[in-house]
Each structure stands twice: as structure tokens, then as C-alpha cells.
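[1] A predicted structure for the sequence below; I have some questions about it.
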Amino acid sequence: MNLIPVRTLKPAKSLFPDLVWDLPSKEKVIYLTFDDGPTPIITDWTLDVLKQYNAKATFFCIGKNVEAHPDIFNKIIADGHSIGNHTYNHIKGWTTSTKNYVSNIEKAQKVQSNIENSKLLTHNYKLFRPPYGQIKPKQAKTLIQLGYKIIMWMVVAIDWDASVSKEKCLGNVVNNTISGDIVVFHDSVKAANNMQYALPKVLEYFSEKGFKFKYIPE
């Protein structure tokens with residue numbers, strides 16, 4: 001049973017005010033994000049669909065996946081999207097010491113910065129999202145001191161969960177998202193079935209309502 005709420009509860013924002021949960025705006029804008037890539041075929045497909053709707057997004061990449069698939073990582077950047085850090089190998093903050101957690105993140109950051117096309121970025125990519133949403137206050141404080149912006153979310157599709165139908169995944173997003181929200185999908189093998197069903201429909205639904213899709217700014 002999945003205990004993660006589809007829409008982030010207000011107390012979470014109050015307890016962790018230094019973390020970015022949403023970007024309130026008078027404009028009709030949504031910030032789509034994708035975790036756990038880059039993944040062959042799936043990330044490529046995601047980029048193609050985003051392009052059809054002139055949508056920009058932020059991809060929180062796992063360091064070892066960037067190492068394995070630098071061509072896909074480069075394509076994310078070349079298509080004008082923003083990138084973020086999702087640790088080197090998807091570790092859990094709650095069961096990792098601050099020292100080892102930060103070291104793992106810095107390792108992932110070094111991998112990203114060594115990819116040649118990262119030099120094409122015109123915006124800051126020192127964005128970080130903790131896997132599973134798990135991060136200790138001391139870890140967060142240390143990362144912020146190092147210049148990271150910690151990005152959480154307001155709406156999560158729960159696309160990775162096989163017990164959640166693709167229709168439910170779609171409903172999680174269209175029924176809970178408002179302007180300024182940060183929304184989480186996953187460009188991973190585990191999430192592919194639900195994500196590939198829901199994403200085009202989310203883009204179509206909100207585009208028809210006049211929304212734009214932007215990457216998270218620095």
C-alpha cells in the first residue's frame with residue numbers, strides 16, 4: 001500500500017520552509033519533473049512527447065545512469081530542459097550519514113559537470129531532489145550551504161507503483177494540480193507503463209486550458 005499523499009500536505013511545507021515545494025505564479029504554469037533517468041528508450045520517448053507540446057521540464061538524474069548513458073543526458077540538455085541531481089545511486093537520506101549522503105551527491109554532480117554538453121546550459125543546474133523524498137534537516141542545511149536548491153513537489157503521479165492503474169495515475173495529476181505546482185513523474189523502467197499513458201494526456205489536458213510547462217528556474 002502506498003502511503004505517499006498525491007498532493008503534499010500543508011504541514012510539510014511549514015516544517016521544511018527552506019525546501020522548494022512549488023513556485024506560485026499568477027501565470028498558468030506547471031513544472032513537470034522526471035526522476036531516476038536517463039533511461040534508454042523511455043527518456044528518449046519522454047523528450048519526444050514534451051517536444052510535441054513545446055513543453056520544458058526538469059530531469060533529476062541519477063549519477064550512475066548519466067555515466068552509462070551520456071548521450072541521452074546530452075539530449076536532455078540540447079532540447080532545452082533543466083537538469084538536477086538525484087544522488088549517484090538513489091540512496092536513502094534517512095539511513096545515510098550526512099557525510100556519506102553529501103559525498104554521494106557531490107559524486108553525481110561531478111559526473112554531470114564532466115559531460116561535455118553540460119557546458120551548453122544557460123541556467124544553474126545545482127538543483128537537488130532527495131530520492132524517496134527522504135532528507136534529514138542536517139543534510140538539507142549542508143546542501144543549501146553548498147549552494148544546492150532542494151526541490152520537492154506538490155503533486156506526485158505515483159507512476160512507479162504497479163498497483164496503481166494508468167487511469168488512476170492520470171487522475172492523480174489532472175485532479176490535483178494547480179498553477180505553480182511541481183509535479184513528479186519518473187522516466188524509469190518501473191514507471192514506464194503508467195507514465196507513458198498519463199504524460200501525453202496531462203500535456204493535452206492542461207495545454208487546452210492555456211497552461212505552459214516550464215523547467216524549474218535557478
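    Perfect, I can see it now.

[2] and the helix or strand of the chain with the lowest mean pLDDT, which residues are buried?
    Taking mean pLDDT, DSSP states H and E as the measure, the helix or strand of the chain with the lowest value is helix 10-15, at a mean of 86. Residues of helix 10-15 include none that count as buried (16 or more other C-beta atoms under 10 Å). Using the backbone N, CA and C atoms, a C-beta is placed for each residue, glycine as well.

[3] ok now the following helix or strand past that helix, how far from the chain's centre?
    Toward the C-terminus, helix 10-15 is succeeded by strand 29-35 as the next helix or strand (DSSP states H and E). The chain centroid and the centroid of strand 29-35 are separated by 6 Å, computed with C-alpha atoms, centre = their mean, to the nearest Å.

[4] so what does strand 29-35 touch, helix or strand wise?
    Where contact means 3 or more C-beta pairs under 8 Å, 6 or more residues apart in numbering; DSSP states H and E, strand 29-35 is packed against helix 42-52, strand 57-61, strand 182-186, strand 212-213.

[5] note down every partner strand of that strand and its orientation.
    Pairing partners of strand 29-35, with direction, according to DSSP bridges: strand 57-61 (parallel), strand 182-186 (parallel), strand 212-213 (parallel).

[6] just the helices and strands packed on strand 29-35: most buried one?
    Comparing those by mean neighbour count (mean count of other C-beta atoms under 10 Å), strand 57-61 comes out on top with a mean of 27.

[7] quick one, that strand and helix 42-52 angle?
    170 degrees (axes from the mean of the first three to the mean of the last three C-alpha atoms, to 10 degrees).

[8] ok, back up a step: Throw the strands paired with strand 29-35 into TSV and include mean pLDDT, thanks.
    Below are these laid out as TSV (pLDDT from 0 to 100):
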stretch	mean pLDDT
strand 57-61	98
strand 182-186	98
strand 212-213	98
